[in-house]
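Asker: any chance you could fold what I've pasted below:
(one chain, ligands or ions: 1)
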Amino acid sequence: MAVPFLDLRVQFAEIQDEIWTVIRDVVESQQFILGPAVERFEGAITETLGVRHAIGLASGTDALFLSLRALDLGPGDEVVTTPFTFFATAGAIHNAGARPVFVDIEPDTLHLDAARVEDVLTPRTRAVLPVHLFGQMADLDPLLELCERHGLVLVEDAAQAMGSRGLVRGAWRMAGTVGRVGCFSFFPTKNLGGYGDGGLVVTDDDGLAARLRRLRVHGGARTYFHEEVGVNSRLDALQAAVLLAKLPYLAGWNEERRANAAWYDRRLAGLAQVKTPVAQPDRLHTYHQYTIRAQRRDELKRFLDARGIGNAVYYPLPLHLQPCFQGLGYRPGRFPEAERASAEVLSLPIYPGLTQAQREEVAGALEAFYR
Ligand SMILES: Cc1ncc(COP(=O)(O)O)c(C=O)c1O
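Answerer: Below you'll find the model as predicted:
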């Protein structure tokens, strides 16, 4: 039996009546750009996450890019981040005019290794940008302390972590709400995904929120009057309506992901060639991806592909080795943990709606390969 890596039709079948209703409402209102649908969704997010402001944007990439612009980062500035993430994290730093400075990752969680950040700080460092990779919040305690001590801004890439939580300074906090800004993506495959591109920034900073609202409409708080040059990057009203309809289901879907992960954890525990993801006790991991580390990963991948078992490699080439960043001067071997992870990781189907038979099929295929 083939098992898709992700099947969004299961989710759609569950909610399609609501989805068609909200889409029809937007179409009937003929308010496609910002307006009530976007305002309602932004309001719902501020309540769900417990923040002052939510600003809907066209993508998670723009959420990062415009956050950095709103923080006045630019040429000469350095932003410390992880080389083991989706390209947008570092691409946004570059496009804001600043320089991404990478540090290696922590091998268990695959997060930016906070203990190594201090080594790369220079007088030009302005911000630290951790990524809540695969749905698990990075450990923000050491990064907060470091940012305070050095006068740096903490920007969270929470693109993969809507609804995730973690203990920060002894209190449970939602991913994206700890730093000066938190950036989210609503790419359709995300735990809260739209029906197209979408993104959002959250912040408690009134000035930053106003600046972001301006930057998303070409830098003008009033139409046709421009305080600065911004971009066109608004969360689409149809996407906002879809996302608002989906939001009440998110916690349940995340729980299903967690249950699937717990099942795989138990089932794969006996396979010595596979290391299951490390979920830390002080985080609520929402498993945007269930990512194992596997011996003979490429062979395993080919075996699963041949059997129609969905799988994916996130990410096959760390960012410090991407051709476009060769000018930054990093060479192979510079970040051994990130490079090793790229060679070993494999994400398995984890989506809500995955059946027991499908999980069995995935686990059985792994066992068959290593037998
Ligand atoms: C970690 C991370 N950062 C940023 C992004 C960019 O988001 P988007 O695809 O919405 O531009 C993504 C997702 O695609 C992501 O996974």
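Asker: so what does the closest residue to the ligand within the chain look like in phi/psi?
Answerer: Closest to the ligand within the chain is Gly60: 2.4 Å, counting by C-beta to the nearest ligand atom. In short, each C-beta sits where N, CA and C put it, glycine included. Main-chain dihedrals, Gly60, degrees, to the nearest 10: phi -70, psi -30.
Asker: so what's it up against?
Answerer: By C-beta atoms under 8 Å, 6 or more residues apart in numbering, the residues touching Gly60 are 88, 159, 183-187, 198-199.
Asker: identify, from those residues, the entry nearest to Ile55.
Answerer: Closest to Ile55 out of the contacts of Gly60 is Gly199 (9.3 Å), distances taken as C-beta to C-beta.
Asker: so Gly166 makes contact with Gly176?
Answerer: No - judged on C-beta atoms under 8 Å, Gly166 makes no contact with Gly176 at a distance of 10.8 Å.
Asker: which of these two has more residues huddled nearby?
Answerer: Taking other C-beta atoms under 10 Å, Gly166 and Gly176 do not tie; Gly176 has more neighbours (29 against 23).
Asker: ok, back up a step: and the contacts of Gly60, which of them are in helices?
Answerer: Among those, the members falling in helices (DSSP state H) are Ala88.
Asker: need the contacts of Gly60 in CSV with distance to His94 and neighbour count, can you?
Answerer: Shown next, in CSV, are the contacts of Gly60 (distance: C-beta to C-beta, whole Å; neighbours: other C-beta atoms under 10 Å):
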residue, distance to His94, neighbour count
Ala88, 10, 23
Ala159, 17, 30
Cys183, 16, 31
Phe184, 20, 29
Ser185, 18, 29
Phe186, 23, 31
Phe187, 20, 20
Gly198, 22, 30
Gly199, 18, 28
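Asker: pull the CA atoms of the longest helix along the chain into CSV?
Answerer: Scanning the chain for the longest helix, with DSSP H as the assignment, gives helix 8-29. Taking Å, rounded to 0.1, in the frame of the first residue of the first chain, the C-alpha atoms of helix 8-29 are listed here in CSV:
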residue,chain,number,x,y,z
LEU,A,8,-4.4,17.5,2.7
ARG,A,9,-7.6,16.1,1.2
VAL,A,10,-8.3,14.3,4.5
GLN,A,11,-8.3,17.7,6.3
PHE,A,12,-10.4,19.3,3.6
ALA,A,13,-13.0,16.6,3.7
GLU,A,14,-13.4,17.3,7.4
ILE,A,15,-14.0,21.1,7.0
GLN,A,16,-15.1,21.6,3.4
ASP,A,17,-18.6,23.0,4.2
GLU,A,18,-17.1,25.7,6.4
ILE,A,19,-14.4,26.5,3.8
TRP,A,20,-16.8,27.0,0.9
THR,A,21,-18.9,29.2,3.1
VAL,A,22,-16.1,31.6,4.1
ILE,A,23,-14.8,31.7,0.6
ARG,A,24,-18.2,32.6,-0.7
ASP,A,25,-18.5,35.3,2.0
VAL,A,26,-15.3,36.9,0.8
VAL,A,27,-16.3,36.7,-2.8
GLU,A,28,-19.7,38.2,-2.1
SER,A,29,-18.2,41.0,-0.1
